[in-house]
Structure formats: structure tokens, C-alpha cells
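Trainee: My questions concern the predicted model and sequence given below.
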Amino acid sequence: MTSGQRTLATQPKRWYPGLDGVRAVAVLLVFTVHYMGSATYYVGWTGVMIFFVLSGFLITGILFDNRNETHRFRNFYMRRTLRIFPLFYFVWLCILVAGFFCRIYWHPLLFLWPAYLGNFARFLAGTTAVDHIFTNYPQRPIEIGHFWSLAVEEQFYLLWPLVVFKVASRIKLIRICAAVMIFTLLLRIVLVALLPQRVLEMEFLYRMTFTQADGFLCGGLLALWMRGPEEGRLLRWAPALLWGSLGILCISVLLHGGVSADRVALQTTAPWASTYGFTLLDFAAAGLLLSSLRAGTLLYRFMTVLPVRILGRYSYGFYVYHLLLAPLLPLVLPAFHVPSLKWWHSFPNYVRFAEDFLIILAVSAVSYELFEKHFLKLKRFFVTRHDNPDAQAAWAEVPV
């Protein structure tokens, strides 16, 4: 592919419309694991891995394009703050207000969550109970456990800019990404052998930034390659990367017991899944991401269809709200009456899943349009506006 043949969808330093679809796929997977886990064999946790690769791709591209800017640190961190903090701390304000009415029982380690250190909470406490905030309604605790991935992303945002701005060289950064990816895989293999089984079963390898670094840097590697002569070759091989990784992953699932009603081989704590399985998922996410940039393909058309892009646009709010709203949804929607017909037994559940999904999406849309969007508009004050149009295009790329 020559530079003259490139479409808007595949040019670096531009807005990629197909990435809204990638966000939509990721958040839909996460929704399934929490709302219809048994029906989907709990494989929706893989959506978090897609988010990590996507974050690495977008953030690395923005950092690299702005590596020579005078106010690069200020601009980057202020824009990240305006994107992430308002909704996150609005939710925590709501939790504090709810505490006056629901009599919240505060665990001392809960302070880690608003400090973006919640991924450490269950391991310091020795229990998963700190993934919830318990109230005087014992059947409806406030679910905050999904915030662990936001903590991991924030920790990545704090560290990776220091590397990109210090190194600056694209080739050196590519080598760093590749080296850390290999090291992270080897580290997970060592930790599987050394850590107590109880710690592994609490998803230690899934929730630590240093054991998920290869996902972010896999995305970073793609961003750096897309800004060099490797771009055309990378896009041509995207389908092979996607389907090849998924094929090997499916074979691995079958070799480790397959998937059945009482057994799921693809789980976060399985030794094979939490070692090379994570790597395969990162590669599959990379293939999905790249395939979504290829204008004119069937996958690109799907990723850019309006309903998919709408879900992608509101995906951050959807992710934040989807478990927080879970205890309230049964109060909003009455239970279905199930008649004696056999075919009906599972049907009401799927209707309920669809209704839950639409309610969460509606709340996310209202939150974005009435609250978050006003903070996003302030990002325009943190762009260096002198002779660097490419950098300005990078800042405008996406509301990551």
C-alpha cells in the first residue's frame, strides 16, 4: 500500500472510526460476563484485554506524536484527567451520598479504590469482599470490583509517558515494547510456578499492571509500526493475526478440557490461560484492532455501523455504570412470569438481559451528553497550537 492509496481509515495520526466498534465489542463482552455469564461460559472477561490493547495503541500514538511538544506532560495528563476523573469521582460522590441512606459499612482498604489502587485491595485484604461496599441491604451491595481495570490503566498512564518522552526514538521504543512483552510473558510463567494457589485463584495475574503490561505494549507496538514503513504490511496481515490467534486459542481451549456447562477451560485463573493465553488474547485483540482500520472490509463496515459506534462512544460510562446499576435493575423491571411451556424457560432471561443492556446504555448516554461531554470540551485548552498540525490531529483522534 503506497501513501497515495491510503484511506482516512488507515492513516496514522488520524481519527479511526472503526475503533468505536472495537470499544463496543470489548464492553459488550464485559457486559455478558456479569449479566449472562453462564449462557456465555464466562468468556466475557476477555473484553478487558481488548481495552488494554486499545488503550496502548491510542495512548502510545498520542504520546509519540507529541514527544517534542513543549507542554507535552501537562497536556497529556490534563487531557487524561478531563476524560477519566469527572465520571469516576462523580460515581464516588454518589456512593458517599448513598452511604447516608443505606448505612455503608466501610472497610479500611476501600480507600484504595478512589486512589486508583483498587487492583491491590483484595490481595492486601486477603478476601474478595473488598470488591463490594456492603450496606444495610445485604442482598444488594454496591459493586465496585470492576474498577480494578481502571486502576491498571491509570497506572499505565502514569508510567508510559515517561518512557516515550524520554526515549523518543521510534525504533528504540519498538524494541522496548517487544522486550517488555517477552519479559511479561516469562514473568507470568514464573509467577504461576511460585505464587500460592490461593493468590492465583484471586486473579493476581489478571489484575496486576506488571503482569498485563504486554497487552498495553502490544497496542503500543502497533501504534509505532503504523507510524513507519511497516504500516502497509501490518494492515495486510491483520486478518491472519486475528484469525490465527483465535484459532490457536480455540485449540488451546480444547486441549485443556474445552467448554461445557460445568467446566470452562478459558478462565482467568487457569495456568495456561494466565500465561500464554493472555498473550494469544492480546494478539487477537491486536488483529481485531488492525482489521477495524481497513476501510471497505466487512469487519470495518460492521465496526462503523451506527448502533455499534454509539455503544463505542458511550463505552466508558457503560463500563463504569454496568455493575453499579445491577442491584437496582430488578427494582426497575418486574420479574417475568414464566408459564409451563418448556421453550419459555430461557427466553425471559434473554429479554431481561436486553432490557438491562438498554437501560445501562441509556444511563451512559445521558451521563455522557449531560455531564462528561462538558469536561471533554475543556481538552481544547491543553493542545499546543503552534507549528505541529500532526500533533493537533493526534490530540483530536479519540476521546480515549
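Mentor: Nice, I can see it.

Trainee: Output the below-cut-off pLDDT ranges for the stretch 51-200 of the chain.
Mentor: 138 (pLDDT under 70).

Trainee: Now do the helices in it.
Mentor: 72-102, 121-125, 148-167, 170-194, 197-201 (DSSP state H, counting those that start in this stretch).

Trainee: and the longest one, which residues are buried?
Mentor: Residues 72, 75-76, 79-80, 82-84, 86-88, 91, 95, 102 are the ones in helix 72-102 that count as buried (16 or more other C-beta atoms under 10 Å). In short, each C-beta sits where N, CA and C put it, glycine included.

Trainee: Check the third one too.
Mentor: Buried residues in helix 148-167, counting neighbours by 16+ other C-beta under 10 Å, are found at 148-157, 160-161, 163-165.

Trainee: between the residues you listed, which is closest to L324?
Mentor: Nearest to L324 among the buried residues of helix 148-167 is L150, at 12.7 Å by C-beta to C-beta.

Trainee: coming back round to it: how about CSV for the buried residues of helix 72-102, with distance to F31 added?
Mentor: Compiled in CSV, the buried residues of helix 72-102 are given as follows (distance: C-beta to C-beta, whole Å):
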residue, distance to F31
R72, 36
N75, 33
F76, 30
R79, 27
R80, 25
L82, 26
R83, 21
I84, 20
P86, 23
L87, 17
F88, 19
V91, 17
I95, 21
C102, 25
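
Trainee: Spit out the contact partners of the residue nearest to L280 when sequence neighbours are not counted.
Mentor: Distance criterion C-beta to C-beta, 6 or more residues apart in numbering; nearest residue to L280, sequence neighbours excluded, is L249 at 4.6 Å. Residues near L249 by C-beta atoms under 8 Å, 6 or more residues apart in numbering: 266, 277, 280-281, 284.

Trainee: Could you report the separation of L249 from S364?
Mentor: When distance is defined by C-beta to C-beta, to the nearest Å, L249 is 30 Å away from S364.

Trainee: Please apply the same query to L187.
Mentor: L187 is 35 Å from S364, by C-beta to C-beta.

Trainee: more crowded one of the two?
Mentor: Using other C-beta atoms under 10 Å, the more surrounded residue of L187 and S364 is S364, with 26 against 18.

Trainee: The more buried one sits in which helix or strand?
Mentor: Using DSSP states H and E, S364 falls within helix 347-367.

Trainee: Now the residue nearest the centre of the chain: closest residue in space, sequence neighbours ignored.
Mentor: Closest to where the C-alpha atoms of the chain average out (C-alpha atoms, centre = their mean) is F51, at 2.5 Å. Spatial nearest neighbour of F51, chain neighbours left out: A26 (4.9 Å); criterion: C-beta to C-beta, 6+ apart.

Trainee: One more: L323?
Mentor: E143 (3.9 Å).

Trainee: now swap in G277 and tell me
Mentor: S252 (6.5 Å).

Trainee: quick one, what contacts V48?
Mentor: By C-beta under 8 Å, 6+ apart, the contact list for V48 reads 26, 30, 149.

Trainee: Closest one of those to Q139?
Mentor: Q139 has its nearest neighbour among these in V30, at 23.1 Å by C-beta to C-beta.

Trainee: So that closest one lies in a helix, does it not?
Mentor: Yes: counting by DSSP: H, G, I helix; E, B strand; the rest coil, V30 falls inside a helix.

Trainee: so how far is R309 from G287?
Mentor: Separation of G287 from R309 (C-beta to C-beta) stands at 20 Å.

Trainee: Also I84?
Mentor: The spacing between I84 and R309, counted by C-beta to C-beta, is 21 Å.

Trainee: And L96, by the same measure?
Mentor: 34 Å.

Trainee: pretty sure V43 is touching V264, no?
Mentor: Yes: between V43 and V264 there is a contact at 7.3 Å, judged by C-beta atoms under 8 Å.

Trainee: And the helices in the stretch 251-400 of the chain?
Mentor: 278-291, 298-303, 306-313, 315-324, 329-332, 347-367, 373-376, 389-395.

Trainee: For the residue nearest to L323, give the beta-bridge partners.
Mentor: For E143, the beta-bridge partners under DSSP bridges are H132.

Trainee: residues in contact with it?
Mentor: So E143 contacts 131-132, 323-324, 326-327 (C-beta under 8 Å, 6+ apart).

Trainee: so how far is the first residue of stretch 289-296 from its last?
Mentor: From its first residue to its last, stretch 289-296 covers 15 Å (C-alpha to C-alpha, to the nearest Å).

Trainee: tell me the mean pLDDT for that stretch?
Mentor: In this model, stretch 289-296 carries a mean pLDDT of 91.

Trainee: Show the contacting residues for V180.
Mentor: 213-214, 217.

Trainee: mind checking how far it is from G219?
Mentor: Applying C-beta to C-beta to V180 and G219 gives a distance of 12 Å.

Trainee: hang on, D20 packs against F302?
Mentor: No: contact criterion C-beta under 8 Å: D20 and F302 do not qualify, at 11.4 Å.

Trainee: Which residue is the nearest non-sequential neighbour of S292?
Mentor: G18 (3.4 Å).

Trainee: What does the pLDDT read for the one you found?
Mentor: Looking at G18, its pLDDT reads 92.

Trainee: doesn't R301 make contact with it?
Mentor: No: counting by C-beta under 8 Å, R301 is not a contact partner of G18; they are 9.2 Å apart.

Trainee: Comparing the two, which shows the higher neighbour count?
Mentor: Ranked by neighbour count (other C-beta under 10 Å), G18 and R301 place G18 first, with 26 against 13.

Trainee: distance of that one from L235?
Mentor: Note on G18: its distance to L235, by C-beta to C-beta, is 12 Å.

Trainee: so what sits against both of these two?
Mentor: Shared contacts of G18 and L235 (C-beta under 8 Å, 6+ apart): L293.

Trainee: pLDDT on stretch 249-263, on average?
Mentor: On average, stretch 249-263 scores 82.

Trainee: Would you mark the buried spots in that stretch?
Mentor: 249, 252-253, 256, 259.

Trainee: Y41 contacts V264, doesn't it?
Mentor: Yes: contact criterion C-beta under 8 Å: Y41 and V264 qualify, at 4.9 Å.
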